[in-house]
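Novice: generate coordinates for the sequence data below:
(chains A and B)
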Amino acid sequence: MKKTWLLMSAALAMGVTTAQAEEVRVYNWSDYIDEELLTKFEEETGIDLIYDVFDSNEVLETKMLAGGSGYDVVVPSGTFLQRQITAGAFQPLDIAKLSNHGNMWDVIASRTAKYDPENAYSINYMWGTTGIGVNMGKVTEALGEDAPIDSLALIFDPANMEKLASCGVHILDAPAEIIPAALAYLGEDPDSHDPDVIAKAEPILTAIAPYVQKFHSSEYINALANGDICVAVGWSGDVLQARDRAVEADNGVEIAYNAAKEGSLMWFDQMAIPADAPNPDAAHKFLNFIMDEHNMAAASNYVYYANGNKASQAHLEEDVIGDPAIYPTEEALGTLYTTTPYPAKVQRVVTRLWTKVKSGT
Amino acid sequence: MKRFGLISVPYFWLLALFLVPFLIVLKISLSDTALAIPPYTPTLDLSQGWAGFTEWWSGLDMENFTWLTQDDLYWKAYLSSLKIATISTILALLVGFPIAYGMSRAPDDWRPTLMMLIILPFWTSFLIRVYAWKAILSQEGLLNQFLMNIGLIGEPLTILNTNTAVYIGIVYTYLPFMVLPIYSALERLDESLLEAAEDLGCSRMTAFWLVTLPLAKQGIIAGSFLVFIPAMGEFVIPSLLGGSKTLMIGKVLWEEFFSNRDWPVASAVAVILLLILIIPIVLFQRNEEKQREAGK
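Specialist: Modelled structure (predicted):
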C-alpha cells in the first residue's frame, strides 16, 4: 500500500509541474488514512494533494529541525510535537480558518494541551496505545493456553521470549516508547528522566534482544497478518489493521491486541503546520477537511484508531467505537500513562542505550 | 595568466566541492546539540560582525570527539567497516581478476560486447539491484528454492540480514570498478613479452606470475581503492541486506543523524571517517606519482 502511495504521490508531483495548480504537501504516518479521503479532498477543493508517509517520529523530527522540509502538514506525536514547538518548527493555527474546530473532543484536547498548551499549534488526528499484538494460534502453541498475552511479561521475560523467538517477534523501533514500557514492567515510573532509572531498562532489553527478529515500526502489520510473526509490540490501530487483513485474507490467522495490564503508553498524533510551510492556507483547508465529522469518522473506521473528534463518534462503526482496544473504558484509561520529552543530554543516554540494545554493542 | 586559469579549475573544484563542505561539517562537529532549527548551537551570526564571530568561536569545543573516544561503539563500527571493506575488496579482486583476464584474452571483436555486459547493470538503479538481492537471498528466495529443489540442502539457509549478504551485495555492486581498471592494464599488455618469457624457459604459470601480474599491478591497485573506499562508508547495502548485528560506520552515522538527531556527533563521526579514508587515498596518490616518475 505504501508503495502505491509513493508511486501515486510521484505521479501527482509530476502532474503538478505541468498543471501548475495549487498544491498542499502532507507528511503522515504510513497506513494511517482511508485513501479515498485524499481523492475526496482534491475533488472538493481543487487543490493537488501530495501525500508522503513516514514511520518514525525521529525521522520526522530530523526533517523538521533541518528546516525547509517543503511540507504543509505534518503529524508528530505529542512529546515530539512539544520539542518541535520549543524549537520554533511550527506556526500557530488560525482558528478562524477552521470552521470545523468545534467538532473537537474536549477530553482529548485537555490531554494534548499537556504537549501543546491551549492546542494553539495542532489538532489531534488520532490517538492510541502502544501494546501487544499476538497471533493467538501460534502464541498458545508456544506458551500454552494461559499465555500472558495482556502482560509485559510476554515480551520482557526472557523465558517467554525464548519460546516465542522461533515464531517471530517484532518490536517497534521507537526508543521513546519501548524504554518506558520496560520501566513500567519493572514497576518504575515510565516517564522517568533520571539516567540511573533509565539504565535499569538496559538489562531487560539486552536480555530479550537476541530473540527479537526485527526492531521495525511498520513491517509488522503485514508480518502479523500473514502469520510470519507471532508477537508484535506495536500501535493499537496497526495491530487491529493486521487483524482485519488476516480476516479478509481468510488465512486462519487470528490476531488480538491488548494494552498491557502493567500500563501502556497513550499517545496522541497531532496535525501541525510547519513554520516554513509553502502553502499554509491550503494546509488550513486540509486540517478543516480532516476535522469534518464524516471525514474523520471515515478515517477512523478505516485504520481502527480512536480520534479526537467528538462529533465523528456518531458516524463510527460499532466495531470501532464499541471496541475497548480502540476506545478504552474509563477503568482501562486509568492504567494508561503518558510521557514527556527527554532533555537533550538524557536523550543521548536513551538513544545510546537503544543502539546498544539493537546492535548488541 | 591563461595557464593560471587552467590550473585553477581543479583547485576550484576541490575547494567548492570538498573543502567548503568539509569545513561546514567540521564546524558542526565542534558545536553542541540543541533543540532549535538547525539543531545545534552556536550558529555563526555574521550580522553582528566581529562580535558574532568571536561569540561563535568561543562556543566551539572538542566535546563530541571526546564522546567518540569514550564509547567503544564507534571504534567497533570503524574496525568492523574496515574489516568488511577489506574482505570485500579481496573477494572482488578474486572474482574480478579472472573476468578482466578473460576479457583481455578474448578475440578483439568480442571485447566491446564483453565490456558492454560489465557496464550494462549500471543502467538500472543501484537501489533496485540491491533490492533484487533481497528477493534472491531471502528464506523463500530464489537461491534457497533452487538449492532445495536440487536437494543440496534440506532447510533454507539464512543469508539475508547477515554479513554474508552484505559481502555479496558489496562485491556485486563494486565488481565493475575492479574489473575495468585491471582490464585496461591487461589490455595494454604486449603479448610478445609473454612469448619472450616462454622462449627464455618460463612455464605459462611462471610467466603469469613474473610478467602478467607485475604489469597488471597498477590496475589491481586502482581497482582495489575504487572498491575499498566506497565500501568503507557504505550505508545502503548494509541497511538493506544486513541485519541489526551488522555494524558499519555508515549506518552508525545515519542513526546519529536521523534517529538520534545528534548532528554534532554525526559530524564528528564523519570527520573521523574522512581522516581514516584520507590515509589510503594519500597512499594511492603516492603510488601513482612514483609510477609516473618511473615511467619517465
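
Novice: distance of residue A:195 relative to residue A:83?
Specialist: Counting by CB to CB, to the nearest Å, the separation of residue A:195 from residue A:83 is 18 Å. Backbone N, C-alpha and C define where each C-beta goes, glycine included.

Novice: equivalent analysis for residue A:58, please.
Specialist: Distance of residue A:58 to residue A:83, computed by CB to CB: 11 Å.

Novice: between the two, which one's more packed in?
Specialist: Using other CB atoms under 10 Å in any protein chain shown as the criterion, residue A:58 and residue A:83 rank with residue A:83 on top: 25 against 19.

Novice: residue A:126 belongs to a strand?
Specialist: Yes: applying DSSP: H, G, I helix; E, B strand; the rest coil, one finds residue A:126 inside a strand.

Novice: which residue is the nearest non-sequential neighbour of it?
Specialist: Leaving aside its sequence neighbours, residue A:126 sits nearest to residue A:305 (CB to CB, 6 or more residues apart in numbering or on different chains; 3.9 Å).

Novice: distance check, that neighbour against chain B.
Specialist: To chain B, residue A:305 is 24 Å away according to CB to the nearest CB, to the nearest Å.

Novice: that residue contacts residue A:326, doesn't it?
Specialist: Yes: contact status for residue A:305 versus residue A:326: in contact at 6.9 Å, counting by CB atoms under 8 Å.

Novice: overlap in contacts of those two?
Specialist: A:128, A:236, A:237 (CB atoms under 8 Å, 6 or more residues apart in numbering or on different chains).

Novice: chain neighbours aside, what residue packs nearest to the residue of the stretch 1-150 of chain B found nearest chain A?
Specialist: Using CB to the nearest CB, the closest approach of the stretch 1-150 of chain B to chain A is made by residue B:39 at 4.1 Å. For residue B:39, ignoring the flanking residues on the chain, the nearest one in space by CB to CB, 6+ apart is residue A:65 at 4.1 Å.

Novice: so who does that neighbour touch?
Specialist: By CB under 8 Å, 6+ apart, the contact set of residue A:65 is A:84, A:87, A:89, B:35, B:36, B:37, B:38, B:39, B:261.

Novice: pull the most distant pair out of those residues.
Specialist: Greatest spatial distance among the contacts of residue A:65 (CB to CB): A:84 and B:38, at 13.0 Å.

Novice: more neighbours, the two?
Specialist: More crowded of residue A:84 and residue B:38, by other CB under 10 Å: residue A:84, with 26 against 14.

Novice: which SS class is the more buried one?
Specialist: Here residue A:84 is recorded as helix under three-state DSSP.

Novice: quick check: the gap between it and chain B.
Specialist: From residue A:84 to chain B the distance is 8 Å (CB to the nearest CB).

Novice: which ones are touching that residue?
Specialist: A:61, A:64, A:65, A:76, A:90, A:272.

Novice: what is the nearest of the residues you listed to chain B?
Specialist: For the contacts of residue A:84, the nearest to chain B is residue A:65 (4.1 Å; CB to the nearest CB).

Novice: which secondary structure element contains that closest one?
Specialist: helix A:57-66 (DSSP states H and E).

Novice: and residue A:257, by the same measure?
Specialist: strand A:255-258.

Novice: quick one, the very next helix or strand once past that strand and helix A:57-66 angle?
Specialist: Downstream of strand A:255-258, the next assigned helix or strand under DSSP H and E is strand A:265-272. Using axes from the mean of the first three to the mean of the last three CA atoms, to 10 degrees, the direction of strand A:265-272 lies 30 degrees away from that of helix A:57-66.
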